[in-house]
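In: Need a 3D model of the following:
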Amino acid sequence: MLKLEPYVVYNGNCEEAFNFYKSILGGEFMGLIRHKDNPEKEHPLAKQDEEKILHIALPVGKTVILMGADATSDMPVNIGNNITLSLSIEEEQEVRRLFKELSVGGKVIQPLEKNFWADLYGVITDKFGINWIVNRAKGEDV
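Out: Residues are numbered from 1 along each chain as shown. Now for the predicted structure:
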């Protein structure tokens, strides 16, 4: 069985981002581990990194698990166009709800509209700098 499990690394706001996604997508965290709780202390940990997220996982639907972590201060990341998360939804009302809620505090890149491959398709950069595609497939169940 092949599963897609997108993993997103944040610069210190992973927990806030995942609580935001959980409030929209539902579900419960499968795990939340902080850097200070890492049993394998390969590198010295800076005090400001102790409470940051080492790993978190949020099931989305029945087949996808969204995972994330915070980078440590010695290895910052550029967040934004390095990852796009795509949601395919059957119900039009749910497509519209997710698009609206994910865009709060962010930026709509492409408004939600019909095109040649989808009944509804839109692109958002959320308030955490992550790109999302929200999609309802044309004439078929997803």
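In: before we move on, what SS does the residue located most distally from the centre of the chain have?
Out: The C-alpha centroid of the chain is most remote from Pro44, which lies 28.5 Å away (C-alpha atoms, centre = their mean). What DSSP: H, G, I helix; E, B strand; the rest coil gives for Pro44 is coil.
In: From Leu112, how far out is it?
Out: Pro44 is 47 Å from Leu112, where distance means C-beta to C-beta, to the nearest Å. Backbone N, C-alpha and C define where each C-beta goes, glycine included.
In: pLDDT wise, what is Gly139 at?
Out: Note on Gly139: pLDDT of 67.
In: Same check on Glu91?
Out: On the pLDDT scale, Glu91 is placed at 90.
In: Nearest spatial neighbour of it, chain-adjacent residues omitted?
Out: Nearest in space to Glu91, with sequence neighbours left out and distances taken as C-beta to C-beta, 6 or more residues apart in numbering, is Arg136 at 7.9 Å.
In: Need the per-residue pLDDT for the one you found.
Out: Among the per-residue scores, Arg136 shows a pLDDT of 87.
In: Please apply the same query to Glu16.
Out: 97.
In: would you say it is within a strand?
Out: No. Read with three-state DSSP, Glu16 is helix and lies in no strand.
In: How much space separates Gly31 from His55?
Out: For Gly31 relative to His55 (C-beta to C-beta), the value is 6 Å.
In: Give me the more crowded residue out of the two.
Out: Shown here are Gly31 and His55; by other C-beta atoms under 10 Å, His55 has more neighbours (18 against 10).
In: and the strand or helix carrying the more buried one, which residues are buried?
Out: Using DSSP states H and E, His55 falls within strand 53-60. By 16 or more other C-beta atoms under 10 Å, the buried positions in strand 53-60 come out as 53-58, 60.
In: ditto for stretch 30-42
Out: 34-35.
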